[in-house]
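**Student:** Got a predicted model here, sequence first, then my questions.
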There are 2 protein chains.
Amino acid sequence: MVRKTKEDAAITRQRIIDAARDVFLVRGVSRTSMEQIAAQAGLTRGAIYWHFDSKTEILLALRERVFLPLIDRMDDTLLKAAEGAEDPLLNIERFLTETIQVLNDSSETRQTYEIMMIKCEYVDEFAEVLQQIANNCSNISLNIKRAYQRAQELDLLDASCTPEEYAMDTYLFFSGLLHMWIKDPENSERRQQTTSFIRSHIRLRRKTKTA
Amino acid sequence: MVRKTKEDAAITRQRIIDAARDVFLVRGVSRTSMEQIAAQAGLTRGAIYWHFDSKTEILLALRERVFLPLIDRMDDTLLKAAEGAEDPLLNIERFLTETIQVLNDSSETRQTYEIMMIKCEYVDEFAEVLQQIANNCSNISLNIKRAYQRAQELDLLDASCTPEEYAMDTYLFFSGLLHMWIKDPENSERRQQTTSFIRSHIRLRRKTKTA
DNA sequence: TAATATACATACATTCACGTATGTAAGTCA
DNA sequence: TGACTTACATACGTGAATGTATGTATATTA
């Protein structure tokens, strides 16, 4: 069994990505060798070098496979919050909850996030990834702001802050929440309270909160 | 000039740490070799191996030198917030502002944070560092909670959330703020607005905000 | 069905970083 | 003042990872 069909090759490629994710998670990206990835995938380095030019490309493939769908999903939810007829605050809450839910449901996503957050060094070729992430984040930030502006139009917002201020506060909350969630051990108390944290965060912003 | 006095040796040790910080920041911890650190410090690997057993020990020394003082300072400020006679909310705000101020003023602190956040992989020996950081954070989190409880006793808190909820929200805000601050480029717009972000975060919690 | 491209495995050469061993001049101490 | 220790520099051996070159059996295609 040497030469495979195209479908087989696609499966092999995915096997490599999955294997890399497993090894990256345990050994960190830098300390992971091509040999280790190959062994985990039940292949040799030759196979890996045929599918990928370098370890960096594997990591990029790993990232694209998880980040892009999630970013799209987040953008969608937030766009609904900004333009939909429904309660924008509820939609922002939904955006936060859904994102955490994805991490909860998909171990692939969860592990990839963990690798990108605390098992990877952003230098040289990888500095640009940080820039891409920043771009995604600023887009999310913008959409959160729009949603809050919509909420203000609907007179749902407490008057103590501007939509811009609420948006930044929520963005920073979200960022902190992701980091906490990833770094906390599985089934930790805080992880399970996440939904509650999100609810109180949103509750703070509602006009009728003292009613 | 070979053998130095004890003071000279201490200076050399510090030179190594400073050099390591410079190289770590550019090349990342894993890609940095002892040789590169030595060159940056104007020494040879022999000197480094005399002062440190491994690269990990240099990184730990680098961390201790910056983290411990900052953690102490944060604990102090928060303790004052929880026990002092002054407005606890103002003291929480001060805690946030002061911490960012340290990052602003001390390039050593700023660079060390950047290394720990995005130029370092938390695996093997370094997994325990993550645990230590978690412990520090949970202590900070606890003190924030106490400060909010004190604020509630003084009837300064808006009633929409409990002190625990406010504390977690502030902790997550703080965490997100640090990450944003470190990742943003120098003199970025957001970095300069940090004080404003903090103010509105605290303003949200004040009872008299609608007055 | 022959030619060619594909999907790997195997083999090889090179580099690089590491740890250690050894050298050495100056400081320290009795 | 001599013996010992310190604070490094230098030299050496080793393993590990890398990239590439080559081999090869099977798909694919004309």
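**Tutor:** Structure's in. What do you need?

**Student:** helix/strand/coil for the residue of chain A at minimum distance from DNA strand C?
**Tutor:** Residue of chain A nearest DNA strand C, by CB to the nearest atom of the strand: residue A:46 (2.1 Å). Where C-beta positions appear, they are placed from N, C-alpha and C, glycine not excepted. Applying DSSP: H, G, I helix; E, B strand; the rest coil to residue A:46 yields a three-state assignment of helix.

**Student:** Could you list the low-confidence segments of chain A?
**Tutor:** Within chain A, the ranges that satisfy pLDDT under 70 run A:1-3, A:208-211.

**Student:** Try it again at 50.
**Tutor:** The model of chain A has pLDDT under 50 over residues A:1, A:209-211.

**Student:** now check the lengthiest helix in chain A, is it near DNA strand D?
**Tutor:** Determined from DSSP state H, the single longest helix within chain A is helix A:55-83. Yes - legend: contact between helix A:55-83 and DNA strand D by CB under 7 Å from any atom of the strand is shown at residue A:55.

**Student:** Report the buried residues of that helix.
**Tutor:** A:55, A:58-63, A:65-67, A:70-71, A:74-75, A:77-78, A:80-82 (16 or more other CB atoms under 10 Å in any protein chain shown).

**Student:** Kindly report the same for stretch A:40-58.
**Tutor:** By neighbour count on 16+ other CB under 10 Å, the buried set for stretch A:40-58 is A:40, A:41, A:43, A:47, A:48, A:51, A:52, A:55, A:58.

**Student:** so residue A:113, which of the three states?
**Tutor:** With three-state DSSP as the basis, residue A:113 sits in helix.

**Student:** Can stretch A:114-133 be said to contact DNA strand C?
**Tutor:** No - legend: contact between stretch A:114-133 and DNA strand C by CB under 7 Å from any atom of the strand is lacking; minimum distance shown is 12.6 Å.

**Student:** Let me know whether that stretch sits next to chain B.
**Tutor:** Yes - judged by CB under 8 Å from any CB of the partner chain, stretch A:114-133 comes into contact with chain B through A:118, A:119, A:120, A:121, A:122, A:123, A:124, A:130.

**Student:** Show me the contact partners of stretch A:70-87.
**Tutor:** Here stretch A:70-87 makes contact (CB atoms under 8 Å, 6 or more residues apart in numbering or on different chains) with A:88, A:91-92, A:94-95, A:98-99, A:102, A:109, A:136, A:139-140, A:143-144, A:146-147, A:149-151, A:154, A:156.

**Student:** can you check stretch A:168-188 too?
**Tutor:** Contact with stretch A:168-188 is made by A:92, A:96, A:99-100, A:103, A:110, A:113-114, A:117-118, A:137, A:140-141, A:144, A:148, A:161, A:190-191, A:194, A:197-198, A:201, B:130, B:134, B:169, B:171-177, B:179-180, B:193, B:197, B:200-201, B:204, as judged by CB under 8 Å, 6+ apart.
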